[in-house]
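1. Any chance you could fold what I've pasted below:
(2 chains)
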2 protein chains.
Amino acid sequence: MKGKLYGVGVGPGDPELLTLQAVRIIRESDVILVPGKVPRESVAWQIARAGIPELEEKETVGVEMPMTREKERLQEAHRKARERICGILDEGKRAAFLTLGDPTVYSTYLYVHRQVQEAGYETQIVNGIPSFLAAAARLNEGLVENTGQLHVIPAPDREALELPGTRVFMKAGKQTGKLKKLLEEADVSARVVERCGMEGERVWRSAKEMPAELSYYSLVIVKDREEK
Amino acid sequence: MKGKLYGVGVGPGDPELLTLQAVRIIRESDVILVPGKVPRESVAWQIARAGIPELEEKETVGVEMPMTREKERLQEAHRKARERICGILDEGKRAAFLTLGDPTVYSTYLYVHRQVQEAGYETQIVNGIPSFLAAAARLNEGLVENTGQLHVIPAPDREALELPGTRVFMKAGKQTGKLKKLLEEADVSARVVERCGMEGERVWRSAKEMPAELSYYSLVIVKDREEK
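-> Modelled structure (predicted):
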């Protein structure tokens, strides 16, 4: 009998944000798949390890998912990842691929998911808390209410900034300077959370205060002024 | 010493989607607050009870939060809720207010949170999995990838339907007919999930197939055609 692939969201940083389902699936898995060459260096592995100590004892395989836009290199990496994972599933093993936040929102896992699915294997997505929800909780305030809309935008975007309701700008990283400029020009009320739930977490409560450089694990929440 | 109020998200239905933090906070709380007159009839209580059997033994208080747009009735209900909750906190007790999904996304808890916060008490938000993420996992597919945008819209809205990326229409409920018509006219590819993770869960994979009446616990996911 063939095995099964689980895409498991481990949340953005705090191991207590793991769901009961994520903990169970990780514990029941024969093999843990982790993005990157050295599994123990991966942030997703470290979060899961902090919540589930026995992860140390599990067979763990690093799956290289290069952060590149070079199509050929990416396709080659995805092909290799698929072969490796399908090989594990052919042995009848259950494999849990760990991914930051939630697997359905901007995760590199989704490539693997589709490829393994298309190859005819059973797959399942196990939800995790996405960073933008954890950031709102960290700020101790709501994200969206009543008839408000919620927009999650993966890069600085002037047009998106004009949308009604709450706008979340994700993964600012290298484009932080550009985003800061946009926010200041639009004179909006902004909250910034860097490395939410991780070591070195920082919070700013206006676009003016936010630095022009932030890590990849940063996001900005912009709300309509009339809302609290 | 005064107590503390926790707003605890219990996820959309499956008790396994409770986070470790939610389970711990509920276990450590002296009083469980639940929206509605009869606590045990509340969906949030039932989800938590299925994951944490000892909930049965806890002091449980129903907090009436009428689903009304009548401002006076609403304000009166909020005032009563605040007084009741502050009274509990004045006894030095920890209170966990259970709420469906995540407390930061369209939850009635946020009113209580602000009022109790403004009255000078300590508060904390404990994240839960929101229904739109659980619905994507249920469909076994991603919600948003790469440079795509994600828009969460709380009511049928033609303009929002034209936004780029993934659009999630929440709480269709009584307006399902209107939403179905909009989706059919726009000829978009839609997925519909009703009562995700609850008893009576149903899924449809096109606007044409979706019924013109759906429960309050329904949502529709619309993706750009070029995306899978």
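2. mind listing the strands for chain A?
-> With DSSP state E as the definition, chain A shows strands at residue ranges A:4-9, A:31-35, A:59-63, A:94-99, A:122-126, A:150-153, A:166-170, A:189-194, A:202-204, A:218-223.
3. Can you redo those as CSV, where the extra columns are distance to residue B:145, mean pLDDT and mean neighbour count?
-> From N, CA and C alone the C-beta is placed, and that goes for glycine too. Formatted as CSV, these follow (distance: least, Cβ to Cβ, whole Å; pLDDT from 0 to 100; neighbours: other Cβ atoms under 10 Å in any protein chain shown):
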stretch, distance to residue B:145, mean pLDDT, mean neighbour count
strand A:4-9, 13, 98, 26
strand A:31-35, 15, 96, 24
strand A:59-63, 17, 95, 18
strand A:94-99, 12, 98, 27
strand A:122-126, 13, 98, 21
strand A:150-153, 12, 98, 25
strand A:166-170, 12, 96, 25
strand A:189-194, 23, 94, 22
strand A:202-204, 28, 96, 15
strand A:218-223, 17, 94, 24
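4. Can you lay out these as CSV showing distance to chain B?
-> What follows is these, written out as CSV (distance: least, Cβ to the nearest Cβ, whole Å):
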stretch, distance to chain B
strand A:4-9, 8
strand A:31-35, 15
strand A:59-63, 17
strand A:94-99, 11
strand A:122-126, 4
strand A:150-153, 4
strand A:166-170, 9
strand A:189-194, 12
strand A:202-204, 14
strand A:218-223, 10
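5. Can you tell me which helices and strands the longest helix along chain A packs against?
-> When every helix of chain A is counted residue by residue (DSSP state H), the longest turns out to be helix A:71-90. Taking 3 or more Cβ pairs under 8 Å, 6 or more residues apart in numbering or on different chains; DSSP states H and E as contact, the helices and strands that helix A:71-90 lies on are strand A:4-9, strand A:31-35, strand A:59-63, strand A:94-99, helix A:109-118.
6. residues making contact with the longest one?
-> For helix A:109-118, the external contacting residues (Cβ atoms under 8 Å, 6 or more residues apart in numbering or on different chains) are A:5, A:7, A:35, A:63, A:65, A:78, A:81-82, A:85-86, A:89, A:97, A:99, A:103-104, A:123, A:125, B:140, B:142, B:145, B:228.
7. tell me the pLDDT at the closest residue to residue A:145 other than its chain neighbours?
-> What sits nearest to residue A:145 in space, not counting adjacent residues and going by Cβ to Cβ, 6 or more residues apart in numbering or on different chains, is residue B:110, at 5.7 Å. As predicted, residue B:110 sits at a pLDDT of 94.
8. where does chain A have low pLDDT?
-> Applying pLDDT under 70 to chain A picks out residues A:226-228.
9. Let's see that with 50 instead.
-> Counting by pLDDT under 50, the low-confidence segments of chain A come to A:227-228.
10. Residue A:28 - how many residues pack around it?
-> A count of neighbours around residue A:28, defined by other Cβ atoms under 10 Å in any protein chain shown, yields 10.
11. right, and it touches residue A:94 too?
-> Yes - using Cβ atoms under 8 Å, residue A:28 is in contact with residue A:94, at 6.4 Å.
12. one step back: quick check: buried residues in the longest helix of chain A?
-> Counting neighbours by 16 or more other Cβ atoms under 10 Å in any protein chain shown, one finds that the buried residues in helix A:71-90 are A:77-78, A:81-82, A:84-86, A:88-89.
13. out of the residues you listed, which one sits closest to chain B?
-> Nearest to chain B among those is residue A:78, at 13.4 Å by Cβ to the nearest Cβ.
14. Now the closest one. Nearest residue, chain neighbours left out?
-> In this structure, residue A:78 finds its nearest non-sequential neighbour in residue A:111, 5.5 Å apart by Cβ to Cβ, 6+ apart.
15. Tell me, how many residues neighbour residue A:127?
-> When neighbours are defined as other Cβ under 10 Å, residue A:127 has 32 of them.
16. Pretty sure it sits against residue A:20.
-> No - here residue A:127 lies out of contact with residue A:20, judged by Cβ under 8 Å, at a distance of 11.1 Å.
17. shared neighbours of these two, anything?
-> In the contact map built from Cβ under 8 Å, 6+ apart, the residues linked to both residue A:127 and residue A:20 are residue B:17.
18. how many neighbours does residue A:2 have?
-> Under the neighbour criterion other Cβ under 10 Å, residue A:2 is assigned a count of 13.
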